[in-house]
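>>> coordinates only, sequence not included:
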């Protein structure tokens, strides 16, 4: 991989919420973005042009301490987020600020990271840690309305830690990032129903910890066989590298 450098613009309204910042979702029609932090609120919203100040999304209901993954549903104007400290997943009505508990540790939620909504299937997918910093975890799925009990799609054995997930409903695939604190990161692919064994799409033998993933222009991709799938991963390391993936090449930006 060859690093490509370039200027970055700091969004002043992403600060002052203290602590580390994790997932981000952009709502362009309303000129706003949502992000998670590891503080007592955990979910914030701010203007995409950097103006004004960020505001807490949750005003009443179940709190999110140390927000570690989220997704925005424009159809219902809700944010679904997970907390790796409270071990819960909540749904928040953005217009009212009221949050509703969907799942918690009594439902098997443990250290959730990265979270994606499958609106057409009415499901939530997420990664969670089961072995702490020493590795191991699970790729989980639950109902978007909070009914039933979440189930495991794939087991992630030590020493890898799963972090973020992506859902490709059109091709029934799920992707997730993993990192090993000593040998690097990789991108995995599996089936949405959990069948078969996951495959390694990219194995990056670096000391960086790859965490976030996102699709690039997924609306222009009719099928995997026709166009290929492009991914980019955010390497949250001291250098703050962004890695761009496709099925044939890897570049760092």
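Noted; the coordinates are in hand. Just so it is clear, the model here is predicted, and its values are computed rather than measured. Numbers count the residues shown, from 1 in each chain.

>>> the helix or strand where residue 23 lies: which residues count as buried?
Element membership for residue 23, per DSSP states H and E: strand 21-27. Within strand 21-27, the residues that count as buried by 16 or more other CB atoms under 10 Å are 21, 22, 23, 24, 25, 27. C-betas here are computed from N, CA, C, even on glycine.

>>> in CSV, list those residues along with distance to residue 107.
Output for the buried residues of strand 21-27, formatted as CSV (distance: CB to CB, whole Å):
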residue, distance to residue 107
21, 27
22, 22
23, 21
24, 26
25, 24
27, 28
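
>>> quick one: which of those residues is nearest residue 115?
Of all the buried residues of strand 21-27, residue 23 has the smallest distance to residue 115: 7.4 Å, by CB to CB.

>>> need the contact list for the closest one.
35, 36, 67, 68, 69, 70, 71, 81, 114, 115, 164, 212 (CB atoms under 8 Å, 6 or more residues apart in numbering).

>>> for the second one, which non-adjacent residue is spatially closest?
Leaving aside its chain neighbours, residue 36 sits nearest to residue 67 (3.3 Å; criterion: CB to CB, 6 or more residues apart in numbering).

>>> give me the phi and psi for that neighbour.
phi -60, psi 130 (degrees, to the nearest 10).

>>> also residue 29?
Dihedral angles (degrees, to the nearest 10) for residue 29: phi -60, psi -30.

>>> the closest residue to it other than its chain neighbours: neighbour count?
Counting by CB to CB, 6+ apart, the nearest residue to residue 29 once its immediate chain neighbours are dropped is residue 74, at 7.4 Å. By the criterion of other CB atoms under 10 Å, residue 74 has 13 neighbours.

>>> pLDDT below threshold where in the stretch 1-150 of the chain?
Residue ranges of the stretch 1-150 of the chain with pLDDT under 70: 1-6, 131-135.

>>> any idea how far the residue nearest to the spatial centre of the chain is from residue 60?
Nearest to the mean C-alpha position of the chain, counting by CA atoms, centre = their mean, stands residue 114 at 2.8 Å. Distance, residue 114 to residue 60, by CB to CB, to the nearest Å: 26 Å.

>>> residue 114 reaches residue 127, doesn't it?
Yes: counting by CB atoms under 8 Å, residue 114 does reach residue 127; the two are 4.8 Å apart.

>>> name the residues contacting each of these two.
With CB under 8 Å, 6+ apart as the test, residue 114 and residue 127 both reach 69, 162, 163, 164, 165, 176.

>>> what does the residue nearest to the centre of the chain show for phi and psi?
phi 60, psi 130.

>>> how much space is there between the residue nearest to it when sequence neighbours are not counted and residue 53?
In space, and not counting its chain neighbours, residue 114 is closest to residue 164: 3.3 Å by CB to CB, 6+ apart. According to CB to CB, residue 164 stands 27 Å off from residue 53.

>>> residue 96: neighbour count?
Residue 96: 11 neighbours (other CB under 10 Å).

>>> and it, that's in a helix?
No: Residue 96: not assigned to a helix; according to DSSP: H, G, I helix; E, B strand; the rest coil it is coil.
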